[in-house]
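>>> any chance you could fold what I've pasted below:
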Amino acid sequence: MISPKKNMRPKPVALIMLEGWGVTQINEGNKFLRDTPYFNYLAEHYPVGVLEAAGEKIGLPAGTVSNGEIGHAVIGSGSLFFDAHRVIDQAISENLFSNGLAFNNLQAMIKPDSACHLVGLISNSETEASLKHLESLIVWLEASGVKKIYLHCILDGRETKNNYGQKLIKNLETFLTKHQSARIVSLIGRLYGMDEKNNISRTKKAFALFTKAEGNTFTSAKEAFSQSYDKKIYDEEFSPTVIRSESENPVVIAKDDIIIFYNHARSGICQLANYFTKHLANNKIVTLTDYGLNEESLILFPKPELGATLGKVFSTSGLKQLRISESAGLPNVVVAFDNYETNFSEGLDKKIIPASADIPLVDNILETIKKTRQLFVEAIQQSVYDFIAVTLPQIDIMAHNQARVDLPLVVKSLDDNIKLMVEAIEASAGLVIIVGTHGFAEQIIDPATGLEVFSHSSNLVPLYLIGKGFEGYNLGWPEAVGGDLSMLKPLGSLADIAPTILSLINLPIPKSMTGHSLI
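Down below sits the predicted model:
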């Protein structure tokens with residue numbers, strides 16, 4: 001058989017990314033992932049493999065799980081992820097945390113009566129924010145003479161157990177007994193403080209809590225947790241809450257106060273931070289890492305300049321491309337996928353499917369899968385685009401929302417709709433790569449203990465390469481006997497996807513891409 005690589009450039013090339021879909025042995029907790037007739041068919045008729053999607057193989061510390069943002073960034077850049085978390089941890093361990101021009105600039109902002117407000121996630125998952133980073137900021141601010149350090153804590157409940165916030169806040173309060181300049185003044189769930197679906201009404205509630213003290217009022221965090229948990233309202237949905245003594249006025253962000261967002265990941269906190277920059281023109285906005293805000297904001301740990309992404313290569317080559325996602329996944333496939341570079345748009349279109357809060361979650365999920373498929377097929381039929389990138393975050397959303405009883409229904413819908421998407425590609429003589437961005441749904445039950453798991457996994461992710469020229473062609477990859485991908489050894493990592501796509505369509509691979517073509 002002649003290698004498909006030598007054929008005429010396929011149009012379009014499509015990349016379908018599945019968030020939260022990893023590979024492991026089938027057990028009672030994940031057997032719904034094998035009840036997928038179309039994926040099973042693909043595994044038997046097309047080149048398939050598995051890829052590394054966590055830890056050192058994609059630029060993270062050993063043993064560290066990934067997420068949708070990181071997965072898309074590695075896929076789109078074709079190189080290891082710039083892990084700000086690891087860079088900051090290393091700076092702390094080497095006593096270099098506050099070295100650099102950015103901290104000098106922050107020091108210059110601080111006046112004798114300055115109030116500093118620290119806003120961010122309280123979580124032990126370390127995927128988006130680190131308590132070590134928060135504590136280091138508090139220590140540095142105290143050493144810099146700040147006497148008023150106020151903590152606005154966003155509770156997790158998504159990457160952690162839904163009631164773990166109480167323990168984390170108690171631990172933080174113990175730390176603060178040695179740092180009397182700092183105290184917790186508000187609590188709120190990430191549903192409000194870290195909305196990613198453009199539900200501005202939720203963001204406004206967080207903003208109103210921080211700037212106007214609008215919310216429930218308690219004299220202690222312990223009392224606030226007790227009453228909220230008694231009402232079955234846990235961390236993620238924790239209502240806006242002010243913490244203050246009976247004899248004092250609530251602490252709010254006032255004019256000229258300094259605001260520091262301490263999340264090291266930009267995805268979840270970006271919407272709130274953007275809202276602050278638009279509505280608090282007199283305040284200095286500081287972010288731990290680059291959130292892509294306006295030029296007036298100060299970045300304490302800026303990202304180094306990186307090379308061309310897959311999207312940038314298509315753009316500079318004069319090729320037309322499209323990105324499709326429901327609202328939760330759009331920042332990943334548009335911003336993270338392009339290595340957070342947003343200043344190029346030549347030949348780039350975006351289509352977003354808004355999520356609805358007015359219908360049950362599973363109904364909304366099924367509807368967004370269907371609409372994604374419809375937009376994808378319409379785009380194929382238009383014969384306009386050279387490259388189409390789609391992200392499907394639905395099973396990840398379901399697992400995070402603990403709506404796990406409906407996961408089989410959602411997986412079936414993905415199987416059915418991806419079949420129609422791939423058939424449209426094949427009818428147009430294009431090709432499609434399907435890949436997972438990180439693991440999760442395959443390990444929502446720990447097979448050793450039978451207990452539920454609430455965080456992403458470090459498992460390998462699936463890879464499928466489909467096109468008319470590839471049917472029956474294995475590219476030298478190991479074959480998945482019986483369609484079981486869990487027995488395969490990894491071909492490479494997510495960083496190899498972009499070089500592989502460029503190799504398939506005979507475009508040069510930028511030197512900045514450290515991944516390798518799998519073809």
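
>>> every contact and neighbour count from this point should use C-alpha atoms.
OK.

>>> downstream neighbour of the helix or strand containing His152 in the secondary structure list?
Per DSSP states H and E, His152 falls inside strand 148-155. Per DSSP H and E, the first helix or strand lying C-terminal to strand 148-155 is helix 165-176.

>>> returning to that earlier point: give the other helices and strands that the strand holding His152 contacts.
If you count contacts as 3 or more C-alpha pairs under 8 Å, 6 or more residues apart in numbering; DSSP states H and E, strand 148-155 packs onto strand 115-122, strand 182-189, helix 190-193.

>>> just send the ones you listed back as JSON lines, with mean pLDDT, mean neighbour count and distance to Gln382 too.
Shown next, in JSON lines, are the helices and strands packed on strand 148-155 (pLDDT from 0 to 100; neighbours: other C-alpha atoms under 10 Å; distance: least, C-alpha to C-alpha, whole Å):
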{"stretch": "strand 115-122", "mean pLDDT": "98", "mean neighbour count": "24", "distance to Gln382": "43"}
{"stretch": "strand 182-189", "mean pLDDT": "98", "mean neighbour count": "25", "distance to Gln382": "43"}
{"stretch": "helix 190-193", "mean pLDDT": "97", "mean neighbour count": "27", "distance to Gln382": "38"}
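
>>> select, out of the ones you listed, the one closest to Lys419.
Among the helices and strands packed on strand 148-155, the nearest to Lys419 by C-alpha to C-alpha is helix 190-193 (33.2 Å).

>>> hmm, who's touching that closest one?
Applying C-alpha atoms under 8 Å, 6 or more residues apart in numbering, the contact partners of helix 190-193 are 121, 154-157, 202-203, 205-206, 235-238, 269, 272.

>>> just to revisit the earlier point, what about the strand holding His152, average pLDDT?
If you average the pLDDT over strand 148-155, you get 98.

>>> strands paired with it, and their directions?
Strand 148-155 has its sheet partners listed here by DSSP bridges as strand 115-122 (parallel), strand 182-189 (parallel).

>>> of all those strands, which one is nearest Glu128?
Glu128 lies closest to strand 115-122 among those, at 7.5 Å (C-alpha to C-alpha).

>>> next, the angle helix 165-176 makes with the closest one.
Strand 115-122 and helix 165-176 are oriented at 140 degrees to each other (axes from the mean of the first three to the mean of the last three C-alpha atoms, to 10 degrees).

>>> using CSV, write out the CA atom coordinates for strand 115-122.
What follows is strand 115-122, C-alpha atoms only, in CSV (Å, rounded to 0.1, in the frame of the first residue of the first chain):
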residue,chain,number,x,y,z
ALA,A,115,-4.4,47.3,51.5
CYS,A,116,-3.7,44.2,49.4
HIS,A,117,-6.5,41.8,48.5
LEU,A,118,-5.5,38.3,47.5
VAL,A,119,-8.1,36.6,45.3
GLY,A,120,-7.9,33.0,44.3
LEU,A,121,-8.8,29.3,44.6
ILE,A,122,-8.3,27.4,47.9
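
>>> can you point out the buried residues in the helix or strand following that strand?
With elements assigned by DSSP H and E, the helix or strand that comes after strand 115-122 is helix 131-143. Across helix 131-143, burial judged by 16 or more other C-alpha atoms under 10 Å covers 131, 133-134, 137-142.

>>> contacts for helix 131-143?
In contact with helix 131-143 (C-alpha under 8 Å, 6+ apart) are residues 88-89, 92, 97-98, 122-124, 149, 179, 181-182, 262.

>>> ok, 7 Å please
122, 181, 262 (C-alpha atoms under 7 Å, 6 or more residues apart in numbering).

>>> which residue comes closest to the last one once chain neighbours are left out?
Leaving out its chain neighbours, the residue that sits closest to Tyr262 by C-alpha to C-alpha, 6 or more residues apart in numbering is Leu288, at 5.0 Å.

>>> one more: the first one?
For Ile122, the nearest residue in space outside its immediate sequence neighbours is Leu155; the separation is 5.4 Å by C-alpha to C-alpha, 6+ apart.

>>> now do the end-to-end distance for stretch 467-482.
For stretch 467-482, the first and last residues are 21 Å from each other (C-alpha to C-alpha, to the nearest Å).

>>> just stretch 305-316 next, same as before
This stretch, stretch 305-316, spans 18 Å end to end (C-alpha to C-alpha).

>>> re earlier: make sure the residue nearest to Ile122 is actually in contact with Tyr234.
No: applying C-alpha atoms under 7 Å as the test, Leu155 and Tyr234 come out as separate, 9.1 Å apart.

>>> which of the two has more neighbours?
Taking other C-alpha atoms under 10 Å, Leu155 and Tyr234 do not tie; Leu155 has more neighbours (31 against 22).

>>> which residues does that one bridge with?
In beta-bridge terms (that is, DSSP bridges), Leu155 pairs with Ile122, Gly189.

>>> let me have the helices and strands packed on strand 148-155 in TSV, adding distance to Leu280 as columns.
Shown next, in TSV, are these (distance: least, C-alpha to C-alpha, whole Å):
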stretch	distance to Leu280
strand 115-122	13
strand 182-189	19
helix 190-193	17
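
>>> pLDDT-wise, which helix or strand of the chain ranks last?
Ranking every helix and strand in the chain by mean pLDDT, DSSP states H and E puts helix 330 at the bottom, with a mean of 85.

>>> list the contacts of that helix.
Ile352.

>>> run the chain-centre distance for it.
10 Å (C-alpha atoms, centre = their mean, to the nearest Å).

>>> give the next helix or strand downstream of it.
Per DSSP H and E, helix 330 leads on to strand 348-353 as the next helix or strand towards the C-terminus.

>>> tell me the strands beside that next one, with direction?
Applying DSSP bridges, strand 348-353 is found paired with strand 321-326 (parallel).

>>> restrict the partner strand to CA atoms and write it as PDB.
These are the backbone C-alpha positions of strand 321-326, laid out as PDB (Å, rounded to 0.1, in the frame of the first residue of the first chain):
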ATOM      1  CA  GLN A 321      -9.300  27.400   9.900                       C
ATOM      2  CA  LEU A 322     -12.300  27.000  12.300                       C
ATOM      3  CA  ARG A 323     -12.600  26.300  16.000                       C
ATOM      4  CA  ILE A 324     -15.800  24.900  17.500                       C
ATOM      5  CA  SER A 325     -16.800  24.300  21.100                       C
ATOM      6  CA  GLU A 326     -19.500  24.700  23.600                       C
END
